[in-house]
Structures are given as C-alpha cells and as structure tokens.
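In: Model the following, please.
(chains A and B, ligands or ions: 3)
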Amino acid sequence: MINRKKTLECDLLIAGGGAGGMQAAIDAADAGLKVIVAEKANTRRSGNGATGNDHFVCYIPEIHGSEENFINLLWHTQEARGGKDIDLVKSFMYNSFDVVKAWESYGIPMRPHGTWEFTGHCRPGVQGVHLKYAGLEQKPLLTKAALQRGVTILNRCPFTEIITNDAGEVCGGICVDLNGEKPELQVVRAKTVLIATAGSMLMNGASTMGWMFNMIGCPASTGVSTAGAYRAGARLVGLDGAVAPIGVSGCKYFNRGGKATWVGVYTDIDGNPLGPFVTKPDWRYGDFTADFWPGMFRMNIQKGNPVFMNCSEGTDEDIEYMKWGLLHEGNGATLQHLADEGFDFRKHMVEFDAKKGGGGGKGVGIDTFGDGTTTVKGLYAAGVSMGNGMVGIGAAATTGRIAARSAAEYCKGRDIEEAEKADIVEEKAEHYSKLLENDASTGSPTWQEAIIAIQQTMWDYLGSGVRSEKLFQVGLRHLGRIKDKINTVQCPTNHEFMRCLEAENTVQVAMLCMESSRSRKETRGAHNRVDYPFTHPDYDGKLMTVQKIDGQLVTGMRAMRK
Amino acid sequence: MPPIINKDKCIGCMNCVTICPMDVYGKQEKDAKTPVIHYPDECWHCNACVVECPAKALSIRVPLPAMMVFVDAPKKKDAQQ
Ligand SMILES: Cc1cc2nc3c(=O)[nH]c(=O)nc-3n(C[C@H](O)[C@H](O)[C@H](O)COP(=O)(O)OP(=O)(O)OC[C@H]3O[C@@H](n4cnc5c(N)ncnc54)[C@H](O)[C@@H]3O)c2cc1C
Ligand code: SF4
Ligand code: SF4
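Out: Ligands and ions are numbered 1, 2, ... in the order given. This is a model prediction of the structure:
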C-alpha cells in the first residue's frame, strides 16, 4: 500500500504554484490565512510563466480613460475576443493595476523603461492594453514574496483530488509527494481549495506529433483542474471549444516561439504585407493581424501562401527591443536556437502558422464567478483553470488575488474538518497502490502510448474540422477503452507514476469535451456540426456547461453574464 | 537530446534537477557530480535550467522536428527599384 504522510492543515490549499497560484498565496497570507501551495514542479520556475512573460493586460484609468473605453479595447484582444462574463471582466479591471503595483513591490520590473509602456498586441491609432514588462525573474520573485509571508510550498507534490464533506463542501485535498524513493500520499485538511493548475495541454497534441512536449503552453498542465473539479461536483464551462482547428498562432514547428513580441510585419514570401495594420516593423505595435484574425494563416495556406514574420526592415531599435522582449517572454531558448541556426533578423524571416489545438486551456475549465467562487462551496479557481476567464499573465495574477480575498472571507466562519477520513482518501490510496504494482515486465502500456492515443482520437473525432453525432459516438467509445487501458499503465518510477495520473485526467477531460460538443446541436465558428448545419438562435450568447449531478454527467448551457 | 551538459563546467549543484518543470533530469546514482538527463524528449525548451545553472554549463538543442522554418527575406522594396 502507498505510504501515507502525516496529514497537514491549512485555511487555503492552492493547487498549482504558477502566477495565479502564487499571487493567491501571497494575498491569502496577507489576509492572515495559513496557506499551503501544492506544486507539481518547483514554483521558482514552473508553469506558463516559468522564465517570464512580457505583456500584462491591465487597466490604468489615466491611460485608458473610462471603464467603458477600456472594455471596448479589451474586446479586441486575443484574451477576451468573443466576449466574457462581465462580472469577471469588471473584477479583473478594478484589480489589475493594483496587482501590477504589487508585482513592482516584489521586485518585478513593471516599467523597465521608466513609464507605463503599452506596446505590442496593438495597432496604430488605438491605445494598447498590454503593459510591457520584464518578467524573466517573475517566478523566483513571486516565490520569494510568498515564502517571506510564511506560505508553505510543497514542491514536486502534484495535487490529485479535491475532498468534499457530506454536504458537498470542500474540506481538503489529496496530493502525491514525489520527493522520496516512492510516491507517498499527502492529505491536506483545508477550509478552502483554489485550483490554479491551468489547462489540459496533453489532450491537444503538438503540431510535431513525434515530439510531444513541443507545446505552445506548459505541458505540466494536464487537466487535474478540469477533471478534478468535475469529480468534486463543480460546473465546467466552454469544453466544446477544445481542440478547435483554428487556435492561436506562432512560429511554425517551434511552438513556444512567441508571437506578439515579434516586431515585424506578416508578409508573403515576396515581402507583401498580408494584414491591414502595418507595412513596416514598429516596436510600438508589432503586427496586430494575428491577434485579431488567426484565420489569416489558414486562408493563406489554402491559397498556397506561407505566412512569414518579416522583421528585415526594422531599425536597430526595433530589433533590440524585440530581442529584449523575447528574452523576458520566456523565449531565451528561442533566441539561442535562432542564433545557433545562423538566423539574422535583417536577412531572414521565420514562418508563422496557426497552432493546432489552441492554448489547451483557453475556454476549457471551471465555471467561475467574478469573485473567484465556483458552484462548489469552498472551491475557487484562478488563471487558465477558469473556463470562462481571460487567459494571460495579468488575468492569472489578478484572478488569483480576487479568489484569495474571497477565500479569506469564507474561511472566517469555517472549522477545519477531518478530511483524511473521507472515503475518497482510502479509494485513491488503493487505486494508486494498484497502479504502482503494474508490472513493466509484462508488456503493460506506457503513459506515452496513452497520451498519443488520446491525442489522435481528439484530432480525428473532435478536432478534424467536422463534428457529428456519429463521430462523437465512435470517439467516446474509443476514449472509454483508452481510459480502461490507463489503469494498466506501467509506473516503475515516480516520474512514470506522475505521467500516468496525468493521462487519467487527460482522458477524462477529453471525454467531457466530447460530451459537451455533442450536446451543442448547431454550427458556429469552428464547431462545425455537419448534422446540425445551421447556426441556432437558442445558442446565441450562451456558454456550454458540463457537471456531475447525482453521479450522472449532465450537459447544459447558460447565458453569458452581460 | 534537448539539454546538453558541459561536464567540464558542471559543478554538480543539482539546481537543474530541482528546477526543471518537466522533471527531465535526475541525480546520477554512482558518480554524484553531473546529473543525468533521464527524459530528454520531455523538454519544453523553457530555458529554466539554463537560467538557473550557476556554472553556465547548460545549453538547449532544439530537436529537428521543432526546428524553425525560415527563408531569406526579400530584398528591400526601394533597393529593388
Ligand atoms: C512562452 C509563453 C509566453 C507567454 N507570454 C505571455 C505574455 O506576454 N502575456 C500574457 O498575458 N500571457 C502570456 N503567456 C500566457 C501566460 O503565461 C499564462 O496565461 C499564465 O502564466 C497562466 O497562469 P496560471 O497561473 O493560470 O497557470 P500556470 O502559470 O501555467 O501555472 C500552473 C501551475 O500548476 C502546476 N501544476 C500543473 N498540474 C499540477 C498538479 N496536478 N498539481 C500541482 N501543480 C500542478 C504547474 O506546474 C504550474 O506551476 C505566455 C505563455 C507562454 C508559454
Ligand atoms: S529547458 Fe526547461 S524543460 Fe528543458 S530541460 Fe531545461 S528546465 Fe527542463
Ligand atoms: S545546474 Fe549546472 S552546474 Fe548545477 S548540476 Fe546542473 S548542469 Fe551542473
């Protein structure tokens, strides 16, 4: 049987110490809570912002004018395109600048050139909303700020399960500690749990199928947010948007290569601009075309026209600014790769394309309210884990703060419960012990097989560009079989065991995505239901939902909050 | 194999083992000095190990399938005329 460590206790247990989780940890500690962060990797360098980001969406009234003006600008950004629940947008808007100032107080350079600089992700004549900052050291600095406030960080300790009491309210969480020779079960009693483990990257697959971790988003985000919250009874939202054929864009094949930090012009191979916004590189804007119109790539490829990011006509100032930005955006390896290959920004241009599978977490996750609460009492969500939130670093940190402050209020009237006595703890201990006994020598499957099997099923039955009831039936049946096989995956080391748990969550999220898409009986955008070819007014302004009610999977929809 | 350790420079501090978000590295069982690269194909090219290595002993090689696609930029428009 898997060893059980001594039960820990706290007010707020945070699953995932990325930007959202660490900001929440800092603010909850400031509000007087006892905080534990359970992190799969090491919070110093984990998550999508491990080695930095360079654009922080933020509202500064002196710069953006009225709230209405800011929201209008926001609707045009990739983070909020298509609209968002207004309570979320407003609480983000009211808090974002304070978080920026807090980041500055932790030592993160938020105005590295002296002023609040809004460059990139924008176009001439229109005020940008992305604050340009220098994020390379953001994670070590957030970690330091949290430790200074007495936060306990459990590194290499992935969160696996939310524990609820008989009333369905949160009372703790289960993690597995991977620091020792063998995995150990760590139960944490907690009045509240914040889920901030981001999306479900491994469900999508990289465009380089043979190189699985070549991903646009952090491959450590493997669906415990969505699947774990579902198991605890939380309502999920936006799962029909998964694996859409037109995702975000970036450097072809090298998927973490950045996008809006590049200072150039999208051109064809002859140097003709393809978008309407810029004809010459300009460090103040970048080329906004792909932010607003990712369909540009598909349209051009269908015409046999590869699309390039052409920086060759930039001034020295443009190119230096871009390189500095890429370094702080976590693209140090990208710059090194280009240098190793003899790439010269003045002589060459890099091909860009639309990424298969999009952001992996974008719009696939927990249904969250403006104060960070969810449909389960005591459960909070922040960052990319939110299915209806904005993506990006500014949104992650700001929603982390909002959720932490709500959790602090909720904790006031709550007692600690004996979460370790819940049935789920025993069930999971048995289940993990069984997995650890799977014998590698008998030819049992590997986690890689499981993930590739899920990815190809998602591509063919959800993400091919064609969706139908018949495809869903077959896809779900096949995913169900993969799910059973995952119980037999070999886990000879802590590493394989961790990956096996990731596969379990990934297949569950995949199935939920397919069920949610199946319930949406219309065609709109990338959701191309050939068996329901019309856009149906019933779905106008609606978000698709999935939830477990009385043990049954229930699909539905709700109106976007206006 | 994405991360490459320059064994002459490595001081065996194991920062890379601690920090790598993908758990690519592990400790050497016998000779404790240089870490082992257990799972090179799980590297995400995040560069965290490179940034955190005090001895500048690490570099990342991008695998061929992830190699960027680039071509010569066309001559400047005014130069052509
Ligand atoms: C190269 C790159 C550049 C980017 N640039 C920008 C930018 O300039 N501006 C912008 O707005 N956005 C940018 N983004 C996106 C932005 O980084 C993310 O939206 C943001 O960091 C998400 O924060 P988060 O807290 O929701 O998730 P993350 O920061 O991804 O944190 C999730 C954390 O959970 C951990 N975790 C996962 N599973 C578990 C588990 N089971 N148990 C415990 N822990 C777990 C992970 O290790 C990680 O630490 C960029 C992303 C990348 C990859
Ligand atoms: S680049 Fe990132 S993922 Fe790759 S080995 Fe280094 S720390 Fe690990
Ligand atoms: S961080 Fe650098 S010096 Fe330290 S063990 Fe790794 S390679 Fe060696």
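In: For residue A:264, which residues are in contact?
Out: A:281, A:286, A:287, A:309, A:310, A:311, A:312, A:314, A:322, A:349 (CB atoms under 8 Å, 6 or more residues apart in numbering or on different chains). Every C-beta, even on glycine, is put in place using the N, C-alpha and C of the backbone.
In: Is the third one located within a helix, as I assumed?
Out: Yep, that's residue A:287 we're talking about. No - using DSSP: H, G, I helix; E, B strand; the rest coil, the assignment for residue A:287 is coil, not a helix.
In: how close does it sit to ligand 3?
Out: 37 Å (CB to the nearest ligand atom, to the nearest Å).
In: Quick check: what element follows whichever strand or helix holds residue A:37 along the chain?
Out: Per DSSP states H and E: residue A:37 is located in strand A:35-38. Next along the chain after strand A:35-38, taking DSSP H and E as the criterion, comes strand A:55-57.
In: Quick check: nearest residue in space to the residue positioned nearest the centre of chain B, chain neighbours excluded?
Out: In chain B, the residue lying closest to the centroid (CA atoms, centre = their mean) is residue B:60, at 2.0 Å. Spatial nearest neighbour of residue B:60, chain neighbours left out: residue A:333 (4.7 Å); criterion: CB to CB, 6 or more residues apart in numbering or on different chains.
In: Which positions in chain B make contact with ligand 2?
Out: B:2-3, B:20-22, B:24, B:43-49, B:60 (CB under 6 Å from any ligand atom).
In: can you do 8 Å?
Out: B:2-3, B:16, B:19-25, B:37, B:40, B:42-50, B:52, B:58, B:60 (CB under 8 Å from any ligand atom).
In: residue boundaries of the strands in chain B?
Out: For chain B, strands defined by DSSP state E occupy the ranges B:3-5, B:25-26, B:36-37, B:58-60, B:70-72.
In: same question but for the stretch 1-150 of chain A, I mixed them up
Out: A:3-4, A:8-15, A:35-38, A:55-57, A:130-132 (DSSP state E, counting those that start in this stretch).
In: So what are the sheet partners of the second one and their directions?
Out: Just to be clear, that refers to strand A:8-15. If you go by DSSP bridges, strand A:8-15 pairs up with strand A:35-38 (parallel), strand A:184-195 (parallel).
In: Kindly report the same for the first one.
Out: The strands beside strand A:3-4 in its sheet (DSSP bridges) come out as strand A:184-195 (parallel).
In: Quick one: mean pLDDT for the partner strand?
Out: The average pLDDT within strand A:184-195 is 98.
In: Can I get that strand as CSV, trimmed to CA atoms?
Out: What follows is strand A:184-195 as a C-alpha-only set of coordinates in CSV (Å, rounded to 0.1, in the frame of the first residue of the first chain):
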residue,chain,number,x,y,z
GLU,A,184,3.6,9.0,-0.9
LEU,A,185,0.1,10.2,-0.3
GLN,A,186,-0.3,13.6,1.3
VAL,A,187,-3.7,14.6,2.6
VAL,A,188,-4.2,18.3,3.4
ARG,A,189,-7.1,19.4,5.6
ALA,A,190,-8.2,22.8,4.2
LYS,A,191,-11.2,25.1,4.6
THR,A,192,-10.9,26.2,1.0
VAL,A,193,-9.1,24.9,-2.1
LEU,A,194,-8.0,27.1,-5.0
ILE,A,195,-7.4,25.4,-8.3
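In: Kindly give the local confidence score, pLDDT, for residue B:46.
Out: On pLDDT, residue B:46 comes in at 97.
In: so what's it closest to, chain neighbours aside?
Out: residue A:50 (4.8 Å).
In: separation between the residue nearest to the centre of chain B and ligand 3?
Out: Counting by CB to the nearest ligand atom, the gap from residue B:60 to ligand 3 is 12 Å.
In: Which residue would be the closest one in chain B to ligand 1?
Out: Residue nearest to ligand 1 within chain B: residue B:21 (5.7 Å; CB to the nearest ligand atom).
In: mind listing what whatever residue of the stretch 251-400 of chain A ends up closest to ligand 2 touches?
Out: Closest contact between the stretch 251-400 of chain A and ligand 2, by CB to the nearest ligand atom, is at residue A:333 (6.1 Å). Listed by CB under 8 Å, 6+ apart, the contact partners of residue A:333 are A:256, B:45, B:46, B:47, B:50, B:60, B:62.
In: What sits closest to the residue of chain B closest to ligand 1 if chain neighbours are left out?
Out: Spatial nearest neighbour of residue B:21, chain neighbours left out: residue A:41 (3.9 Å); criterion: CB to CB, 6+ apart.
In: I'd like to know how many residues surround that neighbour.
Out: Applying other CB atoms under 10 Å in any protein chain shown, we find 25 residues neighbouring residue A:41.
In: Would you check that it makes contact with residue A:156?
Out: Yes - with contact defined as CB atoms under 8 Å, residue A:41 counts as touching residue A:156 (7.1 Å).
In: Do I have it right that the residue nearest to the centre of chain B meets residue B:3?
Out: Yes - under the criterion of CB under 8 Å, residue B:60 makes contact with residue B:3 at 5.8 Å.
In: Give the residues shared as contacts by the two.
Out: Joint contacts of residue B:60 and residue B:3 (CB under 8 Å, 6+ apart) are B:43, B:49.
In: what's near enough to touch the nearest residue to residue A:27 once chain neighbours are set aside?
Out: Computed as CB to CB, 6+ apart, the closest residue to residue A:27 that is not its neighbour in sequence is residue A:404, at 4.0 Å. Counting by CB under 8 Å, 6+ apart, residue A:404 touches A:12, A:23, A:24, A:25, A:26, A:27, A:28, A:31, A:33, A:194, A:372, A:380.
In: Mark which of the residues you listed are buried, thanks.
Out: For those, a burial check counting by 16 or more other CB atoms under 10 Å in any protein chain shown picks out A:12, A:23, A:24, A:25, A:26, A:27, A:28, A:31, A:33, A:194, A:372, A:380.
In: who touches residue 23 in this structure?
Out: I'll assume chain A. Taking CB under 8 Å, 6+ apart as the test, what residue A:23 contacts is A:99, A:102, A:142, A:382, A:396, A:397, A:398, A:400, A:401, A:404.
In: other chain: chain B
Out: Counting by CB under 8 Å, 6+ apart, residue B:23 has contacts A:41, A:495, A:498, B:38, B:39, B:42.
In: any idea how far residue A:445 is from residue A:176?
Out: Distance, residue A:445 to residue A:176, by CB to CB, to the nearest Å: 21 Å.
In: Quick one: distance of the helix or strand of chain A with the lowest mean pLDDT to the chain centre.
Out: Lowest mean confidence among the helices and strands of chain A (mean pLDDT, DSSP states H and E): helix A:289-292, at a mean of 86. Offset of helix A:289-292 from its chain centre (CA atoms, centre = their mean, to the nearest Å): 20 Å.
In: how about the residue of chain B closest to ligand 1, phi and psi?
Out: Backbone torsions for residue B:21, taken as degrees, to the nearest 10, come to phi -70, psi -20.
In: Which pLDDT value goes with the residue of the stretch 251-400 of chain A closest to ligand 2?
Out: Looking at residue A:333, its pLDDT is 96.
In: In terms of helices and strands, where is it?
Out: helix A:332-340.
In: Now go through the contacts of residue B:23 and say which are in helices.
Out: If you go by DSSP state H, the contacts of residue B:23 have A:495, A:498 in helices.
In: Got a quick PyMOL command for the buried subset of the contacts of residue B:23?
Out: This is the PyMOL syntax for the buried subset of those, where burial follows 16+ other CB under 10 Å:
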select buried, (chain A and resi 41+495+498) or (chain B and resi 39+42)
